[in-house]
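Visitor: Need a 3D model of the sequence below.
(2 chains)
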Amino acid sequence: SQKIEQNSEALNIQEGKTATLTCNYTNYSPAYLQWYRQDPGRGPVFLLLIRENEKEKRKERLKVTFDTTLKQSLFHITASQPADSATYLCALDLSNSGYALNFGKGTSLLVTP
Amino acid sequence: DAMVIQNPRYQVTQFGKPVTLSCSQTLNHNVMYWYQQKSSQAPKLLFHYYDKDFNNEADTPDNFQSRRPNTSFCFLDIRSPGLGDAAMYLCATSTRQGGIQYFGAGTRLSVL
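Guide: The predicted structure is shown next:
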């Protein structure tokens, strides 16, 4: 079955380092992929969208790559800060429904001073 | 600021007692979604509205219903909550189907 896989283990890194989170998906080739941030007890907040014809997208300290051959997206936070600590979800339309976003379970990031 | 507002933030109900969660938006978006999210799980789409057109996910239990009386408001009705329905319920909006989604803060539902 089609699914989205994100590292289930929490990622702990030191402040100032680059955090890299992985999102893998199966079967389908989506037209785009989105990344969201979710803080405990809150709704997800949109961060970045990358399309299938884009290899890389940047926004301030954030960078997303999209490899449709590997069926993988990497999400990077450079010069990480404790305020970046949160769960990061990737989302895409697995079924090509044109309306649904299927979310991964997310990877929890903890940045320590 | 334009936003998506969910009320209440916390809701406690009894097993089998109907409950309604509400969502309002000032973004004037065409699409409104309801998700269920359990601890450490991915948000799971229950249904969505494109304007007045209702779209139910195939695996959404009949116990869950929704109403969208106008563009700004959308309600989630759980007719007979079970213990397994305890979760965070998230409302989201989008300008178009499949687009970037704007989420509310969520309603945490507890079932006693």
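Visitor: drop to CA atoms for contacts and neighbour counts, all remaining ones
Guide: Will do.
Visitor: which parts of chain B sit against chain A?
Guide: B:40-45, B:90, B:96-106 (CA under 8 Å from any CA of the partner chain).
Visitor: Please list only the buried members of those.
Guide: Applying 16 or more other CA atoms under 10 Å in any protein chain shown to the residues of chain B next to chain A, the neighbour count classes B:42-45, B:90, B:96-106 as buried.
Visitor: Tell me which of those residues fall in helices.
Guide: With helices defined by DSSP state H, no entry of these lies inside them.
Visitor: can you give me the strands for chain A?
Guide: Applying DSSP state E to chain A gives strands spanning A:4-6, A:11-14, A:19-25, A:32-38, A:45-51, A:56-59, A:62-67, A:72-77, A:86-92, A:102-103, A:107-112.
Visitor: what angle do the third one and strand A:62-67 make?
Guide: Strand A:19-25 runs at 30 degrees relative to strand A:62-67, counting by axes from the mean of the first three to the mean of the last three CA atoms, to 10 degrees.
Visitor: swap in the last one?
Guide: Between the direction of strand A:107-112 and that of strand A:62-67, the angle (the same axes, to 10 degrees) works out to 150 degrees.
Visitor: so what strands line up beside strand A:107-112?
Guide: According to DSSP bridges, strand A:107-112 forms sheet pairs with strand A:11-14 (parallel), strand A:86-92 (antiparallel).
Visitor: out of those strands, deepest packed?
Guide: Counting by mean count of other CA atoms under 10 Å in any protein chain shown, strand A:86-92 has the highest mean neighbour count of those, with a mean of 24.
Visitor: Please compute how far that one lies from its chain's middle.
Guide: 5 Å (CA atoms, centre = their mean, to the nearest Å).
Visitor: now stretch B:78-95
Guide: For stretch B:78-95, the distance to the chain centre is 5 Å (CA atoms, centre = their mean).
Visitor: which parts of that stretch are buried?
Guide: Using 16+ other CA under 10 Å as the test for burial, stretch B:78-95 gives B:78, B:80-82, B:85-95.
Visitor: Need the distance between the two termini of it.
Guide: Terminal residues of stretch B:78-95 are spaced 26 Å apart (CA to CA, to the nearest Å).
Visitor: Pop out the phi and psi values for the spatially most central residue of chain B.
Guide: Against the mean C-alpha coordinate of chain B, by CA atoms, centre = their mean, the closest residue is residue B:34 at 3.2 Å. Main-chain dihedrals, residue B:34, degrees, to the nearest 10: phi -120, psi 130.
Visitor: Show me where the chain dips below the pLDDT cut-off.
Guide: If you meant another chain, say so; for now it's chain A. A:1-2, A:27, A:95-96 (pLDDT under 70).
Visitor: hm, I was asking about chain B
Guide: Applying pLDDT under 70 to chain B flags residues B:1-2.
Visitor: my read: residue B:43 touches residue B:36, true?
Guide: Yes. With contact defined as CA atoms under 8 Å, residue B:43 counts as touching residue B:36 (5.6 Å).
Visitor: list residues touching both of those two?
Guide: When contacts are counted by CA atoms under 8 Å, 6 or more residues apart in numbering or on different chains, residue B:43 and residue B:36 have residue B:90 as shared neighbours.
Visitor: Show me what residue B:64 is bridged to.
Guide: Applying DSSP bridges, one finds that residue B:64 bridges with residue B:78.
Visitor: Would you mind listing the residues in contact with it?
Guide: Residue B:64 makes contact with B:76-79, according to CA under 8 Å, 6+ apart.
Visitor: switch to 10 Å and redo it
Guide: Counting by CA atoms under 10 Å, 6 or more residues apart in numbering or on different chains, residue B:64 makes contact with B:20, B:46-47, B:56, B:76-81, B:85.
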